[in-house]
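# Sequence plus predicted model, see below.
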Amino acid sequence: MSLPLRSAPPAKATAAMEWDLVRDTVHWSAQVYPILARDPGLGPLTLDQLPGQLVPQDRPALCRMVTEALVHGSPLDGVIRIQQAGGTVAAVHCSGRPVLGPDGQVVSLRMLIRAC
């Protein structure tokens, strides 16, 4: 007797974000908006605005990760909680790395996010 095949659970969407510090521009893939529950018409958030999307308790952790990346060139990796409309909270795994210019200075920050 064979068992029925079960379909695999859907893969969690992964989305890309990049903040270009030299050109002062932000690029988000289309998948970022549903993960962050943000209206695409509002456009992407700056690095300064991003902590405002988080539950207050997680803002310092994100700020530390971003500061370490920008100041020390460290990769970032962690789980943060997004405050969505209506009070819903969603966990998001973020990982990223700074991009260094020819002089060794950080010129952009690239991050991937995935709903947990």
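Perfect, thanks for sending it.
# Just give me the neighbour total for residue 43.
11 (other Cβ atoms under 10 Å). Heads up, the C-betas are built off the backbone N, CA and C, glycines and all.
# what are the phi and psi angles of residue 57?
phi -70, psi -20 (degrees, to the nearest 10).
# How about the contacts made by it?
residue 81 (Cβ atoms under 8 Å, 6 or more residues apart in numbering).
# again, but for residue 39
Neighbouring residues of residue 39 by Cβ under 8 Å, 6+ apart: residue 33.
# So for it, what's the pLDDT?
Per-residue confidence (pLDDT) for residue 39: 92.
# Now do it against residue 16, distance only.
Computed with Cβ to Cβ, to the nearest Å, the distance linking residue 39 and residue 16 is 19 Å.
# what does residue 113 give?
In terms of Cβ to Cβ, residue 113 sits 8 Å off from residue 16.
# Show me what counts as buried in the lengthiest strand in the chain.
The residue-count maximum for a strand in the chain (DSSP state E) belongs to strand 89-100. Applying a neighbour-count criterion of 16 or more other Cβ atoms under 10 Å, one finds 92, 94, 96-99 buried in strand 89-100.
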